[in-house]
Each structure stands twice: as structure tokens, then as C-alpha cells.
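**Student:** What would the 3D arrangement of this be:
(2 chains)
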Amino acid sequence: MSKELIRLSGLTMTFEDGETILNGINLYINDQEFLTLLGPSGCGKTTTLRIIGGFLTPTSGDVFFDGKRINDLPPHQRKINTVFQRYALFPHLDVYDNIAFGLRLSKIPEAEVDDRVTEMLETVSLRGFENRRVTSLSGGQQQRVAIARALVNRPKVLLLDEPLGALDLRLRKDMQVELKRIQQAMGITFVYVTHDQEEALTMSDTVVVMDKGRIQQIGTPQDIYNEPKNAFVADFIGESNILDGIMREDLLVEFFGRKFVCVDKGFAPNEPVDVVIRPEDIDIVAPDQGHLCGTVSAITFKGVHFDIIVDFKGFKWLIQSTDYQPVGTKIGIRLNPEDIHVMKKSEYSGQFGDYSSYSAEYDEIAEGGEDEE
Amino acid sequence: MKNKLLSAPYLVWMVIFTIIPLGVVFYYALTDSLTGHFTLANLAGMGTYLPIILRSIWLAFLAALICLVIGYPVAYCIAQASPTRQRFYSMLVMLPMCMSFLLRTLAWVSLLEDTGIINNFLRLIGLTPLPLIRNNGAVVLGMVYNYLPYMILPLYTVIMKIDRRLVEAAQDLGCNSAKVFQKVILPLSVPGIISGITMVFVPAVSTFYISQKLGSPGTTLIGDVIESQFKAAYNPNLGAAMSLFLMVLIFLCVGAMNRFSGTDGEEGLMAP
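**Tutor:** As a prediction, this is how the structure comes out:
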């Protein structure tokens, strides 16, 4: 798990029209790791993947594979296979021949090709589909053929470019579990690109959050969720209330004119900071028992919980609770030290985490993050 | 119902100018020129023309093959060019088609004939003139020259539509450039090859003008024979029988080639 397999060092990518897609990407990927590149459309995650695959040459910076620089190695000489966005299956070949494509190219005896293709069809639950034309398959089936076609070559690394993007929610959930199982069973390094934060958190060992051609944060799913580095990460991964605060001293932060005990330290005294409070961490109590007191201004039923918008002196918070609170109710909230997460100010400060524009627009904002690339 | 009405003008056109004339061809082909009674004599009488029919097929096939060999690389290069260049190049390919077919063939005559431009030039620099005209080679050349655009355009259309990501997928799975071409590009351009060959072969096999101008009595094609039945020899019944035979032959050829192309039915463009 600990051996380094791929290293990206100072990658930049500038296209002919002068647009900078990647700006100083430094990243290492360990053997047998499930690493996810996560970010909104145009953040550079697909470009990074295509550079690893060999389909793009970086403007500057180096790509190392197993310690060797591979910038100029063409794709067909890399021990890397790709599951392409929308699959790119060969329409003139049937399922079997699609999967056997790579093996036959490397001149593997036909008997072994047959064994490995059959085994792979088993793995992706497509036995009996050998002679079907790929154009006659459903999206989910095509997707599994694409995975089988790549994995049958036993690559060191599998690159996956939004492989579940075209599937419906139910199928996507099943395939997430399935992919993780395959990855662990075969011991292959997965580099996975997605804009879906839930997918990233569910499947990955390591999540790399990207925006505007830069890496914003690298960490385990729990790190990324619980300890976001800046307002962008906090907002992109889950819902967050982000407030202006001042770090009075270690373990003590002030916001809304009130000092709170927190678990963060290492800031300069009186340093202005961003404070993140996750909507599900907030406890609703009676108004006289709360640290802060506000008025419910909207409530939406979400299935598992209610989304409650609470007005604190004009700044609106999102609180998620399983208890119904009628609009207009005065409520108090309590914050435990571990519910408060303090971040350094960044270029993203002030752009995210305010729910004042909630209501109708809220759904649009939520969908905005899921744009297809 | 409304949509069907839209095709009415064409249906009327087709009945008057295709179905009825076809019926007339059938009628003539299967009746005696004097008595007007049903007979198979016209069809049977074609036996003597078998060598001409075979030569027509052979020369047309040769022309289609040469068009493919010349046209494929051209179509491939055009399809790889930038969109603006693609438009420019395909315009260049189509440019000769704007000129009269007769004129283009006559131009070749003045190039190739014994006292033509090429031979005059050869004489000028002291070489022996070459027998460039009145042979099979000249006829095939005329066919290739006239029908090449009909090969390039369908090939270009099909190659251009091949998904770039399939090329990347093939590279990803271990193909170098030659293998990408052999395993992906070529198989996926088969529909274009089939329609290209069809669109060259069909008009070439029935041409008469090219062979008259560039060929000799020894290179007469079936089209020439049919023409002469309606003009010089005046035996429309035999001419009709030959047309019928040629039509069936073309259908068989086109059908056989479409069978080659596999199961998808979208291709198989038939030329008039």
C-alpha cells in the first residue's frame, strides 16, 4: 500500500488558445491505492488523467511511473489502461472480441485469451453476453464491458474517467460497490475522476480535490470532509455553513460576537479565519439553552431529514435535523467544540457557505455542482 | 398521413419516369420485334456479347479498385485535417464534377491522342510517341478520372465520423499507429468502401462515352452495344434485354457487396 507508483511533478498544461488548464500539479499515487480526482467541470481532473494515460503531453512538468520518467512514452507502451467516459467500445466487435482486444494485441495464446476473457465476464457478471453486439447493450452493461476490456490486461493502473456518469442513481450505487470490490480483489491501482462528491467519499482511499487547475486538498475521505482546508473544499464536499471568525487563541474562536471552544490551533493570535459548521452537527435546543438564538425562516423535507434555514441576525444557516420546526419558531442551537472547524482565509473566503439565498435557488445551486463535463 | 402527402410529388415522378419506363424495358426485352409476341430469344441472343459483358465488368471493377487505392489515403487525410481545411479540400475534390462529363473526357482525348499534347511533347524532346489511347488502359483511366470523387466523398464522410475516442481506446489497449489503422479505422470504414465501390462500379460498368472516346473497337463495352441497338442497329428489343440483364447484374453485385459489409443496413448507397 505504501509503495509509490506514479508521481506527477510540477505539471502545467496550457492549451493553444492560452488557457491554463493545469497549474502546478504535484501528486503521488501509491501502488494499489484507490485515488479519486474530484472537482467541478473544468477543474483539470480529466486533463490530469489524460496526461497519466499518455493522451496529452504536459506543457511543463514530469510524469514518473515506477521511478521512470514517461512523458514521451506513447499510450500503447504504458502499463496503464483506461475506462473512457461513455466507454468508447468498438462498435464493429462483439462483447467477447472487445474484451479480448488487448490480449490478442499482446500475442497471448488463444486458449489463455479465452480463459481470461471468460473469467473477466464472470467478474463483471456478463456471462452469456459474449456474442452480443455492444451497440445492443444497456448503459450499465456497456460500462461493465469497458471495465472488463481494461482490466483483462491486468494493468498496474486503471484510469477511470467518470465511468458512472451516464448511469441512473440505483445502478450507480451498485457499480460503486462493485468497482471497489474489484479493485480490492485484483489489487490494482485505480485513479478515478468524478464530480460527484458522494461517489468520491464512498469509494476512495485518497481524495484529491481540484479547482481551477490546482489541487485544493489531498486526504482521506474523512479528512476531506471533517478538516476541509478552505471554503471551496468545505462547500464542494457536503453542505457547510461558513462564517467569518477571529481566532482569539489556540482552541478559542470568536464569531457572532461570542467565543467558542474549538479543537483547532496553530493560528496567529487574533487571526481572521473561516469557520465551518456542518448542518448535521448542529443540535437544536430550547431558545434559552442555546449558544445562539435564531428564527426558522424555511423548512424543506428531504426524506431522511429536514433542511431548516435559520436566521441568526440576518445571516442564514442551514441546519439538518430529523425534527420538524415550524417556520417562525425561535430556536436555540448548541455547538460542541468538535462541531466547529476553523480554516485559514483563502481566495475562496466569502464566496461560499451563506444560505441567505436559500429557497428556490437552493436546488439550482445543488445541481450546479453536478454539471456534466 | 400529412407526412406521406409530402412525398406525393416524388411518387408521381417515380411512377412516370422510373416504374413505367422500367415496364417498357421489360416489355421490349421479352417480346419479338416483329410479331410483338412473348419470347426469350432476345435474352438468349446476348450470348454472343458475353466477352463484352465480361470486359465491361472487369474494367469497371479495375477502375473501382484503383479509385479505392487512390481515394482512401486522400479521404483519410481530408478527414484528419482541421474543419476549415476539410471544407476546402472536399471542394477541391468536387471541383471536376462542376465541369461537363463530356468535356472532361474530351480533354483526355486531346492529352492522350497520337498527335496529342503528351505525344507531341515526347516528340519535341526526341522520344518515341507512346500508344496512349484506344486501349483498355485509357478506358480505365477515363473511368478513374471521372468517378474518383464518388469514391472519395463517401469514404471521407465515413472516416470523419469515426469516434476519436475509439482511436484512443485502441492505443490504450496496446495499438501503435499501424495497428490502430488495421484494427479500428479500416474495419469501421468498410461501409464507406462499399458505397464508394458501388458508386464507381455502377456508372463505370454501363458507361459508353468513355470507351467510345478513349477506347477502340476492340475495347467496346456493354454500354456501347446497348447504345448501338437503339441507334445504328435499331434492335430495341435486344437493347432492352441487355439493359435488363445489366440491371440484374448490378443488383447482384451491389447485393453481394452489401452482404460483405456486415449487418448494419445504413450504408449500401445505390447510385442511379
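**Student:** measure the spatially most central residue of chain B to residue B:148 for me?
**Tutor:** The centre of chain B sits closest to residue B:200, judged by C-alpha atoms, centre = their mean, with a distance of 2.3 Å. For residue B:200, the distance to residue B:148 equals 8 Å [C-beta to C-beta, to the nearest Å]. C-beta here means a position set from N, CA and C on the backbone, and glycine is covered the same way.
**Student:** intersection of neighbour lists for these two?
**Tutor:** Common neighbours of residue B:200 and residue B:148 (criterion: C-beta atoms under 8 Å, 6 or more residues apart in numbering or on different chains): residue B:67.
**Student:** quick one: the strands in the stretch 201-350 of chain A?
**Tutor:** A:206-211, A:214-219, A:241-249, A:252-255, A:258-261, A:271-277, A:283-285, A:292-301, A:306-312, A:315-321, A:330-334, A:340-344 (DSSP state E, counting those that start in this stretch).
**Student:** Residue B:104: how many residues sit nearby?
**Tutor:** Residues lying near residue B:104 (other C-beta atoms under 10 Å in any protein chain shown) number 15.
**Student:** List the contacts of residue A:296.
**Tutor:** So residue A:296 contacts A:308, A:309, A:310, A:311, A:325, A:326, A:327, A:328, A:329, A:331 (C-beta under 8 Å, 6+ apart).
**Student:** buried subset of those residues?
**Tutor:** A:308, A:309, A:310, A:325, A:331 (16 or more other C-beta atoms under 10 Å in any protein chain shown).
**Student:** need the contact list for the third one.
**Tutor:** It refers to residue A:310. The contact partners of residue A:310, by C-beta under 8 Å, 6+ apart, come to A:294, A:295, A:296, A:297, A:316, A:317, A:319, A:331, A:333.
**Student:** measure it to residue A:336 for me?
**Tutor:** Here the distance between residue A:310 and residue A:336 works out to 18 Å (C-beta to C-beta).
**Student:** Then residue A:167?
**Tutor:** According to C-beta to C-beta, residue A:167 stands 39 Å off from residue A:336.
**Student:** So for those two, which sits in the more crowded spot?
**Tutor:** For residue A:167 versus residue A:336, the count of surrounding residues by other C-beta under 10 Å is larger for residue A:167: 18 against 14.
**Student:** How confident was the prediction at the more buried one?
**Tutor:** We have a pLDDT of 83 for residue A:167.
**Student:** mind checking the SS state of it?
**Tutor:** When classified by DSSP: H, G, I helix; E, B strand; the rest coil, residue A:167 comes out as coil.
**Student:** I'd say it and residue A:141 touch.
**Tutor:** No. Using C-beta atoms under 8 Å, residue A:167 makes no contact with residue A:141, being 10.5 Å away.
**Student:** Pull out the buried positions in stretch A:185-193.
**Tutor:** A:188, A:189, A:190, A:191, A:192, A:193.
**Student:** can you list the weak-confidence ranges in the stretch 251-373 of chain A?
**Tutor:** Applying pLDDT under 70 to the stretch 251-373 of chain A flags residues A:357-373.
**Student:** for chain A, what are the nearby residues on the stretch 101-250 of chain B?
**Tutor:** Proximity of the stretch 101-250 of chain B to chain A, by C-beta under 8 Å from any C-beta of the partner chain, involves residues B:163, B:165-166, B:168-176, B:179, B:183-184, B:187-188, B:190.
**Student:** can we see that at 10 Å?
**Tutor:** Contact residues, the stretch 101-250 of chain B versus chain A (C-beta under 10 Å from any C-beta of the partner chain): B:162-177, B:179-180, B:183-184, B:186-188, B:190-191.
**Student:** among the buried ones among the contacts of residue A:296, which two are most distant?
**Tutor:** A:309 and A:331 (11.6 Å; C-beta to C-beta).
**Student:** Please enumerate the shared neighbours of those two.
**Tutor:** A:294, A:295, A:296, A:319 (C-beta atoms under 10 Å, 6 or more residues apart in numbering or on different chains).
**Student:** For stretch B:95-106, list the C-alpha coordinates in CSV.
**Tutor:** C-alpha atoms of stretch B:95-106 as CSV (Å, rounded to 0.1, in the frame of the first residue of the first chain):
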residue,chain,number,x,y,z
LEU,B,95,-14.4,20.7,-58.4
PRO,B,96,-14.0,18.5,-61.5
MET,B,97,-17.7,17.5,-61.1
CYS,B,98,-18.7,21.0,-61.9
MET,B,99,-17.2,20.5,-65.4
SER,B,100,-19.2,18.7,-68.1
PHE,B,101,-18.5,15.0,-68.1
LEU,B,102,-18.2,15.0,-71.9
LEU,B,103,-15.7,17.9,-71.8
ARG,B,104,-13.6,16.1,-69.2
THR,B,105,-13.4,13.0,-71.4
LEU,B,106,-12.6,15.1,-74.5
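**Student:** Can you name the residues in contact with that stretch?
**Tutor:** Contacts for stretch B:95-106 (C-beta under 10 Å, 6+ apart): B:91, B:107, B:142-143, B:145-150, B:153, B:203, B:207, B:209-214.
**Student:** Now do the contacts for residue 53.
**Tutor:** Using chain A here. Counting by C-beta under 10 Å, 6+ apart, residue A:53 makes contact with A:75, A:78, A:80-82, A:84, A:157, A:159, A:161, A:191, B:168, B:171-172.
**Student:** wait, chain B
**Tutor:** B:46, B:47, B:205, B:221, B:222, B:225, B:242, B:245, B:246, B:249.
**Student:** Downstream of the host helix or strand of it, the next helix or strand is which one?
**Tutor:** Assigned by DSSP states H and E, residue B:53 falls within helix B:50-80. Next helix or strand after helix B:50-80 toward the C-terminus (DSSP H and E): helix B:83-94.
**Student:** How about whichever helix or strand comes after that next one, which residues are buried there?
**Tutor:** From helix B:83-94 onward toward the C-terminus, using DSSP H and E, the following helix or strand is helix B:101-112. Using 16+ other C-beta under 10 Å as the test for burial, helix B:101-112 gives B:105, B:108, B:112.
**Student:** And the pLDDT for residue 134?
**Tutor:** In the absence of a named chain, this looks at chain A. pLDDT at residue A:134 comes out at 93.
**Student:** Can you look at chain B instead?
**Tutor:** In this model, residue B:134 carries a pLDDT of 88.
**Student:** I'd say it and residue B:142 touch.
**Tutor:** No. Between residue B:134 and residue B:142 there is no contact under C-beta atoms under 10 Å: 11.7 Å.
**Student:** Which one of those two is surrounded by more residues?
**Tutor:** residue B:142 (26 against 18).
**Student:** check contacts around that one.
**Tutor:** Per C-beta under 10 Å, 6+ apart, neighbours of residue B:142: B:59, B:63, B:104-105, B:108-109, B:112, B:133, B:204, B:207, B:209-211, B:213-215.
**Student:** circling back: check the shared contacts of residue A:309 and residue A:331 and tell me the two furthest apart.
**Tutor:** A:295 and A:319 (12.1 Å).
**Student:** In terms of neighbours, single out the busier of these two.
**Tutor:** Using other C-beta under 10 Å, the more surrounded residue of residue A:295 and residue A:319 is residue A:319, with 27 against 15.
**Student:** Quick check: the gap between the more buried one and residue A:353.
**Tutor:** Note on residue A:319: its distance to residue A:353, by C-beta to C-beta, is 13 Å.
**Student:** Quick one: residues contacting residue A:344.
**Tutor:** A:229, A:230, A:247, A:266, A:267, A:271, A:272, A:273, A:274.
**Student:** Go through those and say which is closest to residue B:14.
**Tutor:** Nearest to residue B:14 among the contacts of residue A:344 is residue A:230, at 70.2 Å by C-beta to C-beta.
**Student:** burial of the closest one, as a residue count?
**Tutor:** Counted with other C-beta under 10 Å, residues neighbouring residue A:230 total 22.
**Student:** And the residue lying closest to it once chain neighbours are set aside, its phi and psi?
**Tutor:** Nearest residue to residue A:230, sequence neighbours excluded (C-beta to C-beta, 6 or more residues apart in numbering or on different chains): residue A:346, at 3.9 Å. Torsion angles at residue A:346 (phi, psi; degrees, to the nearest 10) stand at phi -140, psi -180.
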